[in-house]
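Visitor: Build me a model:
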Amino acid sequence: MIIAPTEHDAPYESSDPVELLIKEARQKARRRRLRISAVLTLALAFVVVVVLLAAGGAPSNTKRTAGNKPARTVGANLSSAAIPHFDEPEAIAMSGSHVWIVNMASNSVTELNAGTGSLVRVIDARADAFHHPDGIAVQGSHVWVSNGNEEFGMGTMNYPAAKYVSVTELNANNGSLVRVINAKTDEFLEPGPIVVSGSHVWVLNANSAQSATSTPVNALIELNASNGSLVHIFKTDVDGLYGPLNLTATRSDVWVTNANGFEDSVTEINATTGALVRVIRSTSGQLVAPDGIAVSGAHVWIANIRDTDNVVTELKASNGSFVRVIKAKADNFRGLFGIAAKGSHVWVTNSGGSDNSVTELNASDGSLVRIIKAKADGFYLPTSIVVSGSNLWVLNSNSVTELDASNGSLVRVIK
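Guide: So this is what the prediction gives:
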């Protein structure tokens, strides 16, 4: 059902905040990995101390930089253990010959050479103000990183939002800082997924999932890409933005998935004017906690994450009408988070239980093309997937898998 931009329904009554449970489900794997990482880090630190004590102390020729921080190198071999390439990687973006990954645990950004998979640099300067980075977008010579405000590791650190939430803009050519956007008027709560379209940057507040009867909060922030200034704040009481989970953008539109427990929907916004185009609401279970979203040509593809209804929904981009819901058992959908589409292909990540895989669909009819799950692919809790040129890049909990988009074969696993 399509809701005209000028019409708004009455609020729904909801005594059970299911939308918060949906958000928790999306972050469950990340928190589990953080707990494991914290334990392993402590154990490793203990072992290192013991070894150093046994050897009579640390080597005297260790190279240091300002602030007693180990020096980082550029273009190092990825097999080297000296540089932590990924540390709880949370989001991935592509631009030309570069791949950018944000690391939530180490508050850093890893840049790779897309052609070789080699490390270009790890960016973690204090001035960049990275804090639990959760989203990344790249366009031309600009990189934008959203910095959230979640509890970290074992839950011992919970920082005030006003001090840590921000968007960091970097120079894509050399990784240098352009600016940190965190003016009080921006009203960031917990910046999460971020996209760019033309001269605008769009940032979702990850903690804006709530009931329609609650006090409206800031769901979506629109920024000027040229100078980082605030353009517009979209509240949860308008435009169907109740519990937004994810978003994507084309040159003409921004598409937002909303999963809130009482009315799942997709909001389409004009990327140039910020005006509402339409709110697409599920009428017969076509949307069940929609999360990942991708647009390719005339099609919009949505990954629905609810455990009991892992399905992919296809919409017609021109008018938002439902085309089909794909849920064949052979598709092996389980724990859908990431989705990418290009031409006649659609790829979905499966990270539920032991089903670590990527499902490829035919975009023309939704039929299954293949399940990619060879052991050599190195999939482990794959959550994000992007396509660029002839290659697919899949973000795992501790690595990146690069695949040939034409046949799903492995190109490399980068750790």
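
Visitor: show me where pLDDT drops low in the stretch 1-150 of the chain?
Guide: Across the stretch 1-150 of the chain, the ranges flagged by pLDDT under 70 are 1-84, 149-150.

Visitor: give me that answer again for 90
Guide: Applying pLDDT under 90 to the stretch 1-150 of the chain picks out residues 1-85, 95-96, 148-150.

Visitor: centroid residue for the chain?
Guide: Most central in the chain under Cα atoms, centre = their mean is residue 91, positioned 4.2 Å from the mean C-alpha point.

Visitor: Remind me which helix or strand that one belongs to.
Guide: Here residue 91, judged by DSSP states H and E, is contained in strand 89-95.

Visitor: Tell me the helices and strands packed up against that strand.
Guide: Applying 3 or more Cβ pairs under 8 Å, 6 or more residues apart in numbering; DSSP states H and E, we find strand 89-95 packed against strand 98-103, strand 133-139, strand 384-388, strand 391-395. From N, CA and C alone the C-beta is placed, and that goes for glycine too.

Visitor: Tabulate the ones you listed (TSV), appending distance to residue 280 and mean neighbour count.
Guide: What follows is the helices and strands packed on strand 89-95, written out as TSV (distance: least, Cβ to Cβ, whole Å; neighbours: other Cβ atoms under 10 Å):
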stretch	distance to residue 280	mean neighbour count
strand 98-103	29	24
strand 133-139	23	23
strand 384-388	23	21
strand 391-395	27	24
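
Visitor: Need those strands in TSV (columns: distance to residue 124).
Guide: Output for the helices and strands packed on strand 89-95, formatted as TSV (distance: least, Cβ to Cβ, whole Å):
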stretch	distance to residue 124
strand 98-103	8
strand 133-139	10
strand 384-388	20
strand 391-395	18
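
Visitor: between those, which one is nearest to residue 87?
Guide: strand 98-103 (4.3 Å; Cβ to Cβ).

Visitor: Strands along the stretch 301-415 of the chain, start to end?
Guide: With DSSP state E, counting those that start in this stretch as the criterion, the stretch 301-415 of the chain has strands at 312-316, 322-326, 336-342, 345-350, 357-362, 368-372, 384-388, 391-395, 400-404, 410-414.

Visitor: partners of the longest one in the sheet?
Guide: The sheet places strand 336-342 alongside strand 345-350 (antiparallel), with pairing taken from DSSP bridges.

Visitor: Repeat that for the last one.
Guide: If you go by DSSP bridges, strand 410-414 pairs up with strand 400-404 (antiparallel).

Visitor: The spatially closest residue to residue 398 that is not a sequence neighbour and residue 340, how far apart?
Guide: In space, and not counting its chain neighbours, residue 398 is closest to residue 86: 5.8 Å by Cβ to Cβ, 6 or more residues apart in numbering. Plainly put, residue 86 is 20 Å away from residue 340 if you go by Cβ to Cβ, to the nearest Å.

Visitor: again, but for residue 400
Guide: Noted for residue 400: a distance of 14 Å to residue 340, by Cβ to Cβ.

Visitor: Next: residue 319.
Guide: In terms of Cβ to Cβ, residue 319 sits 23 Å off from residue 340.

Visitor: do residue 231 as well
Guide: Going from residue 231 to residue 340 by Cβ to Cβ gives 27 Å.

Visitor: Show me the strands in the stretch 151-300 of the chain, by range?
Guide: 166-171, 177-181, 191-197, 200-205, 218-224, 230-235, 244-249, 253-258, 265-270, 276-281, 290-296, 299-304.

Visitor: other SSEs contacting the second one?
Guide: By that I understand strand 177-181. The elements that strand 177-181 packs onto, with contact taken as 3+ Cβ pairs under 8 Å, 6+ apart, are strand 166-171.

Visitor: Same question for the last one.
Guide: Using 3+ Cβ pairs under 8 Å, 6+ apart as the contact definition, the elements that strand 299-304 packs against are strand 290-296, strand 312-316, strand 336-342.
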